[in-house]
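Colleague: Sequence plus the predicted model coming up.
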Amino acid sequence: MTKGSTLVAPVSLLENWRREFEKFAPSLKVCIHQGGNRTGFYKDFLNFNVILTSYETILRDNSLFMMLNWHIVIADEAQAIKNPVARRTIAIKNLNKKISLAVTGTPIENNLIDLWSLLDFVLPGYIGELNHFKKTYTQDVESALELEPLVSPLILKRTVTEVAGDLPDKIEVPQVIELRHQEAKLYEDIREQIFDEYGDNANLVSLIKLRMFCAHPNLQTKSVYNQLHEFSKYERLIEIVEEIRDNNEKLIIFTSYKKMTDYMVDDLSSRFGLYCDFIDGRVDVTERQKILDAFSERNGTAILVLNPKAAGSGLNITAANHVIHYNLEWNPAIEDQASARAYRRGQQRPVTIHRLFCSGTVEEIINDRLNRKRDISSAAIIGTDGSDDDKADILQGLVMSPLTKKRAGDSY
């Protein structure tokens, strides 16, 4: 890599990238252009081979970056520019550059427009203008198959196992939780209220209460349980953590809800006497690497509770060899990215992925959906489709009952 190259990434990953350059390319001069002390003079960039900066800064300092002709511009976690009309997308596409590279594990998160935006950054105009693209390619597998021969020459697709043949095994363990009768009745009460309110007009928002209940009823109803472990799923979590502790290993737990994060950090640290910290939207991005370092350097068992959107991509957490998805995500790309925090280059031990979901609830529908979407993506095109408008899945999630285990369309 010659002078005049810039790598744009989420701010929480800049320090990690600096360390990677230091480790694998120590001869290169690298500068992090971020924060209040960053330079305002473009000539200062000429003293470095690589400028590391964030998407927010590339937007704020766009005029500064426009003063140079860049050799290579790399967009890391490039799903950040999947929206073609977002200001950050326009800012990075406007840079003067010879070569553009987009690096992402999820080129399609929601629909095929995501892919168009990334390719428009890499090679503008190659697959036509946006309006023409929308009219030509609909959001289905047939369109994905039609696109594949066009986009394949521009995509270097590598799975973790392909680029790291020395990686240890990855073991995925579905943990199906059977709700106790009283828990199922509480769930059913909430489900019926939501169904009466929304019916066939249900959307993802209408499922939030059910998903939160499956994390813990105390998130939805005041003090249903005096002790967290009285709920079946949390009881199973404790059993898994106990096994990991007995083996003196580290683990990361993904949950979407701040209150659940607080419950876990407080309870698990006191229950087991272990180091336990968290990263979610409340943690300043400048503090996140410090938390990861403290976790990695800790001797013995340690726990990190992470939000899959705030800390589910880009971060390197190979100190952990257990990943627990405490509540499943609607979008399979989010879950896969989260698992890859531990199962990646540098991992020396087998990684166990524990996926907890409550039988007969919206979580079982989400699990079915994730498996189906992964099957479609492997047959069609890189990435996974996690679109929010899949009405059939939403209706199934609202109809599914832990008392009857009936789904929409089943005869009663």
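Modeller: Yep, it's here. Fair warning: this is a prediction, and the values are worked out from it, not measured in the lab. Numbering: from 1, shown residues only.
Colleague: For the rest of this, base every contact and every neighbour count on C-alpha atoms.
Modeller: Fine.
Colleague: most centrally placed residue in this structure?
Modeller: Nearest to the geometric centre of the chain sits residue 334, at 3.3 Å (C-alpha atoms, centre = their mean).
Colleague: Just confirm it contacts residue 310, I think it does.
Modeller: No - Residue 334 lies out of contact with residue 310 (C-alpha atoms under 8 Å); the separation is 10.5 Å.
Colleague: tally of neighbours for the closest residue to residue 97 other than its chain neighbours?
Modeller: Excluding the flanking residues, the one nearest residue 97 by C-alpha to C-alpha, 6 or more residues apart in numbering is residue 70, at 4.5 Å. Counted with other C-alpha atoms under 10 Å, residues neighbouring residue 70 total 19.
Colleague: same deal with residue 129?
Modeller: Residue 129, neighbours per other C-alpha under 10 Å, totals 12.
Colleague: do the same with residue 35
Modeller: Neighbour tally, residue 35, other C-alpha under 10 Å: 12.
Colleague: So it versus residue 131, what's the distance?
Modeller: To residue 131, residue 35 is 37 Å away according to C-alpha to C-alpha, to the nearest Å.
Colleague: need the contact list for the residue nearest to residue 97.
Modeller: Neighbour list for residue 70: 4, 5, 6, 95, 96, 97, 98 [criterion: C-alpha atoms under 8 Å, 6 or more residues apart in numbering].
Colleague: Can you point out the helix or strand that includes the fourth one?
Modeller: Under the assignment given by DSSP states H and E, residue 95 is not contained in any helix or strand.
Colleague: Residue numbering should commence at 19 henceforth.
Modeller: Understood, numbering begins at 19; the last thing we discussed is residue 113.
Colleague: Pull out the buried positions in stretch 224-241.
Modeller: 224-225, 227-238 (16 or more other C-alpha atoms under 10 Å).
Colleague: Any idea how far the helix or strand where residue 341 lies is from the middle of the chain?
Modeller: Assigned by DSSP H and E, residue 341 falls within strand 340-343. When distances are taken as C-alpha atoms, centre = their mean, to the nearest Å, strand 340-343 is centred 13 Å away from the chain's centroid.
Colleague: same check, this time on stretch 283-301
Modeller: On the basis of C-alpha atoms, centre = their mean, stretch 283-301 sits 20 Å off its chain's mean C-alpha point.
Colleague: buried stuff in it?
Modeller: Counting neighbours by 16+ other C-alpha under 10 Å, one finds that the buried residues in stretch 283-301 are 283, 285, 286, 293, 294, 295, 296, 297, 298.
Colleague: Quick check: end-to-end length of that stretch?
Modeller: 14 Å.
Colleague: follow-up on the earlier one: any chance of TSV for the buried residues of stretch 283-301, columns distance to residue 411, secondary structure and pLDDT?
Modeller: Formatted as TSV, these follow (distance: C-alpha to C-alpha, whole Å; DSSP: H, G, I helix; E, B strand; the rest coil; pLDDT from 0 to 100):
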residue	distance to residue 411	secondary structure	pLDDT
283	32	helix	97
285	34	helix	96
286	34	helix	96
293	39	strand	94
294	35	strand	96
295	34	strand	95
296	31	strand	95
297	30	strand	92
298	28	coil	91
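Colleague: Pick the one among those residues closest to residue 134.
Modeller: Among the buried residues of stretch 283-301, residue 298 lies closest to residue 134 (C-alpha to C-alpha), at 29.9 Å.
Colleague: Make sure the closest one is actually in contact with residue 324.
Modeller: Yes - here residue 298 lies in contact with residue 324, judged by C-alpha under 8 Å, at a distance of 6.0 Å.
Colleague: Count the residues that sit near residue 151.
Modeller: Residue 151: 14 surrounding residues under other C-alpha under 10 Å.
Colleague: Need the three-state assignment for it.
Modeller: Assigned with DSSP: H, G, I helix; E, B strand; the rest coil, residue 151 falls in the helix class.
Colleague: now do residue 75
Modeller: Applying three-state DSSP: residue 75 is helix.
Colleague: Touching, it and residue 52? I think so.
Modeller: Yes - the pair residue 75 / residue 52 is scored as a contact, 6.7 Å apart, by C-alpha under 8 Å.
Colleague: What confidence value was assigned to residue 175?
Modeller: For residue 175, the pLDDT comes out at 73.
Colleague: Next: the one 3 residues further on.
Modeller: Residue-level confidence at residue 178 comes out at 53, pLDDT.
Colleague: I appreciate the help and will end here.
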